[in-house]
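Student: Pasting the sequence and the predicted coordinates here, then a few questions.
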Amino acid sequence: MKEFIENMPKAELHVHIEGTLEPELSFALAQKNKVSLKAKTPEEMIKAYDFYDLPSFLDIYYAGMSVLIEEDDFYQLTMAYLKRAAAQNIVYVELFFDPQAHTIRGVSFDSVINGIHAAQKDARTELGVESQLILCFLRDMSAESAMEHLKLAKPHLNKLVGVGLDSDEKNNPPSKFAEVFSKARSWGLKLTMHCDVNQDNTQEHIRQVIEDIKVDRIDHGVNILESDALCELAKSKNLGLTVCPVSNKFVVQSLTSCELKQMLEKGLLPSINSDDPSYFRAYLNENLIALQEEGQFSKEDLITLVENSFKTSWLSEKRKMDYLDTLKRYTDTVAVA
């Protein structure tokens with residue numbers, strides 16, 4: 001099954017580009033940009049990845065970004081991830097980025113998005129990996145800051161497919177950002193929001209994203225299973241749920257394999273993703289392999305999860321069908337060992 005998973009053509013819909021910053025690149029950029037790091041070696045840095053909930057993770061995550069300063073830094077970061085994606089047979093990616101976490105440090109919005117976009121273009125031609133970009137707002141910053149950054153993005157709309165919402169959910173409900181998401185939709189952008197696992201008021205937050213914000217997809221969203229009404233609502237709107245098993249394990253001590261099986265049984269549309277793979281030490285293949293080992297998913301279930309990644313992506317219908325056809329050719333001809 002491991003080899004079958006590794007060679008399957010896949011899509012990833014929930015990966016934060018800043019969360020792909022590997023320690024080796026971090027040290028190289030720190031040296032170039034004369035940034036002081038607490039750790040003395042990449043190995044020491046990995047040992048310091050000691051988090052047990054969302055706030056403790058975010059502290060380490062934001063500290064790690066200090067080395068990203070120049071446009072080429074964002075190019076290197078993005079290209080490094082897309083090379084890993086190619087090596088894992090990921091053919092399509094929707095990337096998150098957090099511009100506020102950079103502009104607050106004095107890095108220009110243009111440097112961030114131009115560096116990422118240049119790597120996306122090169123990866124398409126050199127690696128055969130197609131990708132689109134999602135601007136994420138930090139929910140623990142103000143709605144006014146989110147709107148300012150949406151306006152900064154206006155000259156770059158051709159580089160974006162959608163907007164998202166991430167960071168600390170506590171006391172930062174989706175409704176706080178209703179206006180900025182409404183404007184983003186009026187500009188033709190798709191909408192998604194994080195509904196992290198086991199957060200305060202999670203049912204109300206999931207209801208808000210579906211009924212009030214009217215998102216096109218939900219990130220995480222595992223707690224939707226606690227409400228039959230919300231499950232039916234998500235099903236009626238064909239909303240994808242971008243689940244991140246290894247990331248979940250840091251919050252709920254399991255890869256949520258039981259929950260994913262329940263989602264499939266209920267006819268929901270979960271996909272598997274890596275979230276912040278450098279920090280959780282697991283990219284997409286490692287997530288799928290660990291999930292299969294914990295939950296003993298069948299070949300058919302794994303195929304469904306990967307199909308869902310393409311079906312709930314923000315590709316054109318034609319591109320979706322092209323990728324689904326490629327996936328079907330693979331799964332029809334390759335046996336599970």
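Tutor: The structure has been received and is ready for your questions.

Student: So Tyr311 is in contact with Glu317, correct?
Tutor: No, residue 311 isn't Tyr; it's Lys. No. Using C-beta atoms under 8 Å, Lys311 is not in contact with Glu317, being 10.0 Å away. Yep, even glycine has a C-beta here, placed from its N, CA and C like the rest.

Student: These two: which has the busier surroundings?
Tutor: Lys311 (18 against 7; other C-beta atoms under 10 Å).

Student: Quick check: closest non-adjacent residue to Gly162.
Tutor: Lys190 (3.4 Å; C-beta to C-beta, 6 or more residues apart in numbering).

Student: And for Gln120?
Tutor: Closest to Gln120 by C-beta to C-beta, 6+ apart is Ser131, at 4.9 Å.

Student: burial measure for the one you found, as a count.
Tutor: 27.

Student: thought it was touching Asp122?
Tutor: No. The criterion here is C-beta under 8 Å, and Ser131 misses it with Asp122 at 10.8 Å.

Student: re the thing from before, contact partners for the residue nearest to Gln120?
Tutor: Leu82, Tyr92, Val93, Glu94, Leu95, Gln120, Ala123, Arg124 (C-beta atoms under 8 Å, 6 or more residues apart in numbering).

Student: Show me what the host helix or strand of it pairs with in its sheet, parallel or antiparallel.
Tutor: Per DSSP states H and E, Ser131 falls inside strand 130-138. Strand pairing for strand 130-138, using DSSP bridges, gives strand 90-97 (parallel), strand 162-166 (parallel).

Student: Next secondary structure after the shortest one?
Tutor: Think strand 162-166. Next element after strand 162-166 (DSSP H and E): helix 178-186.

Student: Dump that following helix to CSV, keeping only the CA atoms.
Tutor: In CSV, the C-alpha atoms belonging to helix 178-186 read as follows (Å, rounded to 0.1, in the frame of the first residue of the first chain):
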residue,chain,number,x,y,z
ALA,A,178,-17.5,39.0,7.0
GLU,A,179,-16.9,42.3,5.3
VAL,A,180,-13.5,41.5,3.9
PHE,A,181,-14.6,38.1,2.6
SER,A,182,-17.7,39.6,1.0
LYS,A,183,-15.4,42.1,-0.8
ALA,A,184,-13.0,39.3,-1.9
ARG,A,185,-15.9,37.4,-3.3
SER,A,186,-17.0,40.5,-5.3
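
Student: For that helix, buried residues please.
Tutor: Of the residues in helix 178-186, Val180, Phe181, Lys183, Ala184, Arg185 count as buried by neighbour count, 16 or more other C-beta atoms under 10 Å.

Student: Quick check: Ser309 vs Leu288, distance?
Tutor: In this view, Ser309 and Leu288 are 11 Å apart by C-beta to C-beta, to the nearest Å.

Student: Same check on Thr78?
Tutor: From Thr78 to Leu288 the distance is 22 Å (C-beta to C-beta).

Student: Quick one: the strands in the stretch 201-337 of the chain, in order.
Tutor: For the stretch 201-337 of the chain, strands defined by DSSP state E, counting those that start in this stretch occupy the ranges 217-220, 240-243, 269-272.

Student: okay if I get the ones you listed as a markdown table plus distance to Gln296?
Tutor: Output for those, formatted as a markdown table (distance: least, C-beta to C-beta, whole Å):
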| stretch | distance to Gln296 |
| --- | --- |
| strand 217-220 | 23 |
| strand 240-243 | 17 |
| strand 269-272 | 15 |
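
Student: Can you redo those as JSON lines, where the extra columns are distance to Lys328, mean pLDDT and mean neighbour count?
Tutor: Listed next are the strands of the stretch 201-337 of the chain as JSON lines, based on distance: least, C-beta to C-beta, whole Å; pLDDT from 0 to 100; neighbours: other C-beta atoms under 10 Å:
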{"stretch": "strand 217-220", "distance to Lys328": "23", "mean pLDDT": "98", "mean neighbour count": "27"}
{"stretch": "strand 240-243", "distance to Lys328": "19", "mean pLDDT": "98", "mean neighbour count": "26"}
{"stretch": "strand 269-272", "distance to Lys328": "17", "mean pLDDT": "98", "mean neighbour count": "26"}
